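# just to be clear, the model below is a prediction. Sequence and coordinates:
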Amino acid sequence: MPDIVPKLFMTGCDKNTEWMLPWFIKNYKKHIQVPSSIPLCVMDFGLTKKTKDWLQTQVYAIGNMSNVPNHIKGWFLKPMSMWKSPATSTCWIDTDFEIRGNMSSVFDHIVPGKLGMVEDKPWSRRRGEKWHNSGIVAFTGKPKILAEWVDAVDRNPEVGDQEVLHSLLSPLQKEIYIHDLPNKYNFLRIQLLDGESDKQALAIHWTGFKGKDHIRSLMRK
């Protein structure tokens, strides 16, 4: 990894989801890199050589995740990727985000010692308790809760990284370790189905199989 930088956006994927990278990076450059000059790091969860070669000229850095335990794959690599960030302040973004505006202001919302995340409103409504979506995670330094998240994934990588983090925290601990980011940074696809407006969204998170189908339609345009 390169030298420490003040701010960094980070994403990651493997050979199964790398097809979204050209679309994601195009939107990133248009809405974030050009106006804000904040670099992007892509974490290699198992990319093809063709994609890695292409990325050499597209992003600030490519992070190698090949040395993690074999039982940790896919989205479970996200917490460790964030831990390895070569930046003072970092914001993780999933590759299924449609970046629509300059999201660099997310760094203004970071609270030391906490993970900045957006409430998963659809999941909170359906589960009857507060959930946070791990599509966006903003932080500074190496928060204690991030280290605990990395360790929990290593011990029990079940369901998803978001579920692992949720299982770690009681409602009180969520207040201590999670800082609520404005919804505009991570507007979920299901919120559209629930009748909410995306007009103020800086990024739409196209989750699930239906979301990926929508991304394919956007890429064809």
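Received the coordinates, thanks. Numbers count the residues shown, from 1 in each chain.
# drop to CA atoms for contacts and neighbour counts, all remaining ones
Fine.
# so where do the helices sit in the protein?
21-28, 34-36, 49-55, 78-83, 121-127, 144-155, 161-168, 171-177, 189-193, 208-220 (DSSP state H).
# most tightly packed of the ones you listed?
For the helices of the chain, ranked by mean neighbour count under the definition mean count of other C-alpha atoms under 10 Å, the leader is helix 78-83 at a mean of 22.
# so which elements touch it?
With contacts taken as 3 or more C-alpha pairs under 8 Å, 6 or more residues apart in numbering; DSSP states H and E, helix 78-83 sits against helix 144-155.
# and the helix it packs on, C-alpha only, in PDB?
Once side chains and other backbone atoms are set aside, the C-alpha atoms of helix 144-155 remain, and they are given as PDB (Å, rounded to 0.1, in the frame of the first residue of the first chain):
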ATOM      1  CA  LYS A 144     -11.600   0.100  18.600                       C
ATOM      2  CA  ILE A 145     -15.000  -1.000  17.200                       C
ATOM      3  CA  LEU A 146     -13.300  -1.600  13.800                       C
ATOM      4  CA  ALA A 147     -10.800  -3.900  15.400                       C
ATOM      5  CA  GLU A 148     -13.600  -5.800  17.200                       C
ATOM      6  CA  TRP A 149     -15.500  -6.100  13.900                       C
ATOM      7  CA  VAL A 150     -12.400  -7.500  12.100                       C
ATOM      8  CA  ASP A 151     -12.000 -10.100  15.000                       C
ATOM      9  CA  ALA A 152     -15.700 -11.000  15.000                       C
ATOM     10  CA  VAL A 153     -15.700 -11.700  11.200                       C
ATOM     11  CA  ASP A 154     -12.600 -13.900  11.700                       C
ATOM     12  CA  ARG A 155     -14.400 -15.900  14.400                       C
END
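# any idea how far that helix is from the chain center?
Taking the mean C-alpha point of helix 144-155 and that of its whole chain, the gap between them comes to 16 Å (C-alpha atoms, centre = their mean, to the nearest Å).
# ok, and what's touching that helix?
Under the criterion C-alpha atoms under 8 Å, 6 or more residues apart in numbering, residues 69, 72, 76, 79-80, 83, 113-115, 161, 164-165, 168, 177 lie in contact with helix 144-155.
# equivalent analysis for stretch 98-113, please.
For stretch 98-113, the surrounding residues in contact (C-alpha under 8 Å, 6+ apart) are 7, 24, 27-28, 31-32, 35-36, 38, 89-91, 116, 138-145, 177, 179, 181, 185, 201-206.
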